[in-house]
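1. kindly return the folded structure for what I paste below:
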Amino acid sequence: MKILHTADIHLGTNTFGTIDPKDGLNTRLKDFRRCFDAMVKRGLEEDIDVFLFCGDAFRTTRPTPTQQKVFAQCLKPLADAGVPMVMLSGNHDHPVSYGKATSIDIFGYLTGDVHVFRKPTAARIQTRRGPLQLLAMPWPVRSVLLAGAEYKRMTPEALCEAIEQKYHAFVKKEAARFDPALPTVLAGHFSVTGSLKGGSEASTLMLQEPVLSPVQLAVPPIDYVALGHIHHHQNCATDADAVPVVYSSSIERVTFRERDSRKGFVLVTIARQGASKKTSYRFIETPARRFIALDLDLKSEADPTEAVLKAIEREKVAGSIIRVRMKITESQWSTIEVSRIRHALKPAFAIAAIDRIIDSDTRKHVTSVHREASLKEALTSYIAQRNDLKELEDALIEKALALDAGLDQGPLAASASAS
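-> The predicted structure follows:
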C-alpha cells in the first residue's frame, strides 16, 4: 500500500507577498499552491492509495473563501482519481470556541472519498489495494478530551499529563483491536519527545502542550506513525529498526527560521513480506521558495555598502525572499547607500528587510531611530540593545511583520499560536 503523508500546509501565509495584478491573488498564496499542486501531481504519478493530511491546512481558523477555494482545487485531482483523502484537524484548524466547526470540516462535504477527523478515532479506510487501519489523533483539544468537572481545577501541567495519558490509553486500546495482517497507520498532530524543532516552532511564544513519546505511539500492529505540527522532516523513532515515527515537514517555508529546512512530503510504502510487513518511506522535496538571511558584520569595512553588494552577488538572490541585516557603528549609519542595495536586490522575489543595526559595543544607551527607518528597522534597533529579548528577535520581528501584513486582511485569529 502506498500513502502520501503531508501536514502543515498553512495556506494563507501571505507574509512577504504582493497582489498579482493579473489575477488578484497574493503571490505567496500562489507559492503555496505551486508546492501543493506539485505534491498532488507526484502522488498521482506514484499511484498512491491514500492521501494522508496530518493537520494545519490554513494559517488561521478563519480562512478566506479564496483560500478555501484554492485548497479544494488542489485536492480535486485526487478526488477525480478516486484516491481516499484522510484529514486531521491541527491546532491552526481548531477554533477556540466550543461547538464551532474547524477550518477543514467543510471538506467532508465535498465530492470524493474524504474522511475528516477532529477527535481521536479508530477507522478503516477502504482503498483500491484493500483496507487501511487508521488511528486518527488530531490536535488534542482540552474542551473535547477533558470535559469532566474533575479537570477544571487542574494546573496546566496536570492537564497536559491527563491528555497524554488519555491519548496513550486510546492507542493501546484501539491498536489491540486491529488485525495485525492489515496495513496500519497512526496519524497525529502534536509534539513528540526527542523531536528537533526547526523553523517556526523553535522560538514561538506558545502555551504548554502535551508531548507523547515514540514508544507510546508505535504500538503493534502499527506500521507507521505519520505526524504533523513540527515543520522539520525527521524520524523520531529511538531505534533504527523501530516503527518510523515521522514528521513530514511543511511544503513551503513560513518564516526565516525555516530557511535551512528542507520542504516537502513523504511517500510511504507498507508491503507484505511473508507473514510480516515492512515499511519504507521517502522524503520528496517541493519547489519551495528560497529564503536568504544575510547577516553581515560591517564594523571594520571602509566601504560597507560595497561589502553588502559583494555579499548579495555571491548569494545569487534571484527569485528568493531575502533579509539583509548590517551590523555597523554609529558613524557608518549615514554612509550606507540603501538605494544601491535595493537596486542590487531587484532580482529577488521579495525584500523582507534591509536593517541597519548599531553594534551594542558602540551604540548609545538610547536607541536612535531615524525618520527613514522602517517598522522592521526600528524594532530591530530596539531589540539589539535589549539582551532579554535577543533570543526572541526573529519571532518578534516576524510576528510584527505578519500583523502589519494582515491589517488589510481582517483578524488574524490564531496566527500567533504555535505552528
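2. just for the stretch 51-200 of the chain, where's the confidence low?
-> 95-101, 108-110, 142-152, 198-200 (pLDDT under 70).
3. domain ranges for this protein?
-> According to automatic domain parsing, the chain comprises the domains 2-285, 291-385.
4. quick one, which of the ones you listed is nearest to K399?
-> Smallest distance to K399 across the domains of the chain (Cβ to Cβ): 8.1 Å, for domain 2-285. In this view, the C-beta of every residue, glycine as well, is placed from N, C-alpha and C.
5. hey, where'd the helices end up in the stretch 151-300 of the chain?
-> Using DSSP state H, counting those that start in this stretch, the helices of the stretch 151-300 of the chain run over 156-175, 214-217.
6. turn the ones you listed into JSON lines, columns for distance to A352.
-> Converted to JSON lines, the helices of the stretch 151-300 of the chain look like this (distance: least, Cβ to Cβ, whole Å):
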{"stretch": "helix 156-175", "distance to A352": "34"}
{"stretch": "helix 214-217", "distance to A352": "36"}
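7. most packed of those?
-> Using mean count of other Cβ atoms under 10 Å, the stretch among the helices of the stretch 151-300 of the chain with the greatest mean number of neighbours is helix 214-217 (a mean of 20).
8. model confidence over it, on average?
-> The average of the pLDDT scores along helix 214-217 is 95.
9. who are the packing partners of it?
-> helix 156-175 (3 or more Cβ pairs under 8 Å, 6 or more residues apart in numbering; DSSP states H and E).
10. endpoints of stretch 210-221, how far apart?
-> With Cα to Cα, to the nearest Å applied, stretch 210-221 spans 24 Å between its terminal residues.
11. an error on my part: the question was meant for stretch 330-339.
-> The first and final residues of stretch 330-339 sit 19 Å from each other (Cα to Cα).
12. may I see the buried residues of that stretch?
-> Neighbour-count burial for stretch 330-339 flags 332, 336 (criterion: 16 or more other Cβ atoms under 10 Å).
13. coming back round to it: E393 is nearest to which of the domains of the chain?
-> Relative to E393, the nearest member of those by Cβ to Cβ is domain 291-385, separated by 5.0 Å.
14. tally of neighbours for K399?
-> Applying other Cβ atoms under 10 Å, we find 18 residues neighbouring K399.
15. hang on, it in a strand?
-> No: judged by DSSP: H, G, I helix; E, B strand; the rest coil, K399 forms no part of a strand; its state is helix.
16. just put the domains of the chain in JSON lines and tack on distance to A395.
-> Formatted as JSON lines, the domains of the chain follow (distance: least, Cβ to Cβ, whole Å):
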{"stretch": "domain 2-285", "distance to A395": "4"}
{"stretch": "domain 291-385", "distance to A395": "10"}
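17. what's around the residue lying closest to E285 once chain neighbours are set aside, how many residues?
-> Nearest residue to E285, sequence neighbours excluded (Cβ to Cβ, 6 or more residues apart in numbering): G264, at 4.1 Å. Using other Cβ under 10 Å, G264 has 23 neighbouring residues.
18. tell me the pLDDT of G264.
-> pLDDT recorded at G264 is 98.
19. look up how far Q165 lies from it.
-> 34 Å (Cβ to Cβ, to the nearest Å).
20. these two touch, right, P183 and I222?
-> No: using Cβ atoms under 8 Å, P183 is not in contact with I222; the gap is 9.8 Å.
21. more neighbours, these two?
-> More neighbours surround P183 than the other of P183 and I222, with 28 against 23 (other Cβ under 10 Å).
22. bridged to the nearest residue to the more buried one once chain neighbours are set aside, which residues?
-> Nearest residue to P183 in three dimensions, chain neighbours excluded: I270, at 4.1 Å (Cβ to Cβ, 6+ apart). As for beta bridges, I270 partners with T279 under DSSP bridges.
23. burial count for I270?
-> If you count neighbours by other Cβ under 10 Å, I270 ends up with 21.
24. with L227 instead?
-> Per other Cβ under 10 Å, the neighbour tally for L227 reads 29.
25. partner residues bridging it?
-> Here L227, judged by DSSP bridges, has bridge partners G188, Y247.
26. list the contacts of it.
-> With contact taken as Cβ atoms under 8 Å, 6 or more residues apart in numbering, L227 is in contact with 7, 54, 187-190, 192, 236, 245-248.
27. over to P347?
-> P347 sits next to 317-319 when contact means Cβ under 8 Å, 6+ apart.
28. now swap in C54 and tell me
-> Shown in contact with C54 (Cβ under 8 Å, 6+ apart): 5-8, 88, 90, 187-189, 226-229, 248.
29. ranking by neighbours, what's the top pick from these?
-> L88 (31 neighbours).
30. that residue and I328: what is the separation?
-> Distance of L88 to I328, computed by Cβ to Cβ: 48 Å.
31. residue boundaries of the strands in the stretch 151-300 of the chain?
-> Assigned by DSSP state E, counting those that start in this stretch, the strands in the stretch 151-300 of the chain fall at 184-189, 191-192, 211-212, 224-228, 234-235, 245-247, 264-273, 276-285, 291-297.
32. thinking again about what came up before, out of the helices of the stretch 151-300 of the chain, which is closest to V338?
-> Judged by Cβ to Cβ, the one of these that comes nearest to V338 is helix 156-175, at 45.9 Å.
33. distance from the closest one to the middle of the chain?
-> Its chain's average C-alpha position is 24 Å from that of helix 156-175, according to Cα atoms, centre = their mean, to the nearest Å.
34. now for it, which elements pack on it?
-> With contacts taken as 3+ Cβ pairs under 8 Å, 6+ apart, helix 156-175 sits against strand 130-137, helix 142-145, strand 184-189, strand 211-212, helix 214-217.
35. as JSON lines, these with distance to L345 would be great.
-> JSON lines is the format used below for the helices and strands packed on helix 156-175 (distance: least, Cβ to Cβ, whole Å):
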{"stretch": "strand 130-137", "distance to L345": "44"}
{"stretch": "helix 142-145", "distance to L345": "46"}
{"stretch": "strand 184-189", "distance to L345": "37"}
{"stretch": "strand 211-212", "distance to L345": "41"}
{"stretch": "helix 214-217", "distance to L345": "44"}
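36. please identify the deepest-packed of the ones you listed.
-> Of the helices and strands packed on helix 156-175, the one with the most neighbours on average (mean count of other Cβ under 10 Å) is strand 184-189, at a mean of 26.
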